[in-house]
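Undergrad: The amino acid sequence is not available; the structure is as follows:
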């Protein structure tokens, strides 16, 4: 029995190991990989390997793995990567696993500068990447420094700005906080929706020459073919949508594209090696097939996948809404608890104040009682003196017949007693006035005591309207492509005419005012820290494009204007 061969397949975030037989085909290995990771949107992906000459090549599915020029090592090494890109990620990507694989691959391409991304967009994308990794921002959990080990920005961007790692983190975290409540998958989708408007997104570049020998770039992507000057891979100079191309073929290093318009000459260019033309042909065929598929009704399988995905999303949404209700209820309970604690503290302070007032009132009452006792003593003394005076007066009457000397002495005593009685009467009146005032104070004190007692009772009782309302709902209530030869017909004369999707396409920033404002704010903020000496050629080209009012789709519309013959002639003269 033939000895199995060990194979290692690296996805963007995992490593898989398989043992294959010598007669295992590329398709059998590919099917094993997609089955293992649970991927059904297989048409976007392929297996990549490094050949014996060091070139990166796509595994052919219809041939045996071991018959292909895979670099001999143990285990054999393959990368599982996106080979073709959607025209519009929001419209085409169905599964979460597909979304994740695209997100990670595009993010890596942006961070390594394989896709040029301006600084302000880089920071905004980084904030979505943080949301996708960490979920909602939580101040107590996401302390300064929590992004220290994350690679979030292209090195070019960090070098061009006089900002420390901490300052970059602060800026990214500020924008990250704005995505609160966004699902991780939605954050990945938002990332891709912004990234797909970048000029180099999804483009495979190949070095070519025209008949004059001018060195140029050919760009192959989901929307068609574009020609770039050697020093500018951002701004295409000539473009051909897939709807204009009838046939593609190559002979050795010469590649020929035949337009639908038979009056137009063939579009001919030269690649440095035969293997490059083979790869261009494969990518053209695959992208064209997907381009045509998008313009036809979905297959039964795709319809089923979309229906299943819709159900799963609905279930997730319901689960999330339930979770959000629980979170909101918990936060409300925490707020109310904090409010009650604050009220309790206020009531405690009020109780202490009332108790102080109560003590003051009790002290006033005690003083009043003392004062009343003193008044009563004075009254008793007055009555006693009045009795003595009365007795003296009686004695005076009786003593009319007494001698003059005795009578004078008695009159003097009577006068003295009258003065004493008058003084005591005055003192009693004073005491009575004081009593009246104290009685008033006592009334006030009793009223305060009553208020304080009522307040103490109120402070120790929870008002009815502060009790939590019972919830009304029940807690448990839930709401593939074959590789071709050297010539391929892409369209026939009988095919219906197709509109170029670029004609209607605008960038997300152009149709989303909030995104426009976010990017504008970031750009203004970063302008103050920019080091112009670190500006790259790409930065200069991008800056000029922005100055001229260009973006990805406006440029593509411009370079696809005019008839095919004019554009082919323009290419020949470059």
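TA: Looks like it came in fine. Predicted, not measured: the structure shown is a model, and the values here were computed from it.
Undergrad: Residue 247: what's it in contact with?
TA: Listed by C-beta atoms under 8 Å, 6 or more residues apart in numbering, the contact partners of residue 247 are 256, 257, 258, 487, 488, 489, 490. All C-beta atoms are positioned from the backbone trio N, CA, C, and that covers glycine.
Undergrad: Can you tell me the SS state at it?
TA: Secondary structure state of residue 247, per DSSP: H, G, I helix; E, B strand; the rest coil, is strand.
Undergrad: All further residue positions should be reported with the first residue as 41.
TA: Let's use 41 as the start, then, which means that last one is residue 287.
Undergrad: Quick check: it vs residue 297, distance?
TA: Residue 287 sits 8 Å away from residue 297, going by C-beta to C-beta, to the nearest Å.
Undergrad: on that earlier part again, let me have the contacts of residue 287 in CSV, extended by pLDDT, neighbour count and distance to residue 314.
TA: Listed next are the contacts of residue 287 as CSV, based on pLDDT from 0 to 100; neighbours: other C-beta atoms under 10 Å; distance: C-beta to C-beta, whole Å:
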residue, pLDDT, neighbour count, distance to residue 314
296, 92, 16, 14
297, 91, 23, 17
298, 91, 20, 20
527, 77, 13, 14
528, 77, 16, 16
529, 79, 11, 21
530, 74, 22, 21
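Undergrad: which one among those residues gets closest to residue 391?
TA: Checking the contacts of residue 287 against residue 391 with C-beta to C-beta, the nearest one is residue 530 at 87.1 Å.
Undergrad: so where does the closest residue in space to the closest one that isn't next to it in sequence fall, helix or strand?
TA: With C-beta to C-beta, 6 or more residues apart in numbering as the criterion, residue 530 has its nearest non-adjacent residue at 4.8 Å, and that residue is residue 328. Assigned by DSSP states H and E, residue 328 belongs to helix 314-334.
Undergrad: Output the contacting helices and strands for that helix.
TA: Helix 314-334 is packed against strand 96-98, strand 244-249, strand 255-261, strand 285-291, strand 294-299, strand 527-529, with contacts defined by 3 or more C-beta pairs under 8 Å, 6 or more residues apart in numbering; DSSP states H and E.
Undergrad: Residue 346: which of those is closest?
TA: The nearest among the helices and strands packed on helix 314-334, by C-beta to C-beta, is strand 255-261 at 24.1 Å.
Undergrad: Can you redo the contacts of residue 287 as a markdown table, where the extra columns are distance to residue 377?
TA: Output for the contacts of residue 287, formatted as a markdown table (distance: C-beta to C-beta, whole Å):
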| residue | distance to residue 377 |
| --- | --- |
| 296 | 76 |
| 297 | 71 |
| 298 | 75 |
| 527 | 76 |
| 528 | 70 |
| 529 | 73 |
| 530 | 68 |
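Undergrad: how close does residue 62 get to residue 45?
TA: Using C-beta to C-beta, residue 62 is found at 7 Å from residue 45.
Undergrad: Turn the helices and strands packed on helix 314-334 into CSV, including distance to residue 353.
TA: Formatted as CSV, those follow (distance: least, C-beta to C-beta, whole Å):
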stretch, distance to residue 353
strand 96-98, 32
strand 244-249, 32
strand 255-261, 28
strand 285-291, 36
strand 294-299, 41
strand 527-529, 38
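Undergrad: closest one to residue 366 among these?
TA: Using C-beta to C-beta, the helices and strands packed on helix 314-334 put strand 255-261 closest to residue 366, at 44.9 Å.
Undergrad: Please state the offset of the closest one from the chain centre?
TA: Distance of strand 255-261 from its chain centroid, counting by C-alpha atoms, centre = their mean, to the nearest Å, is 37 Å.
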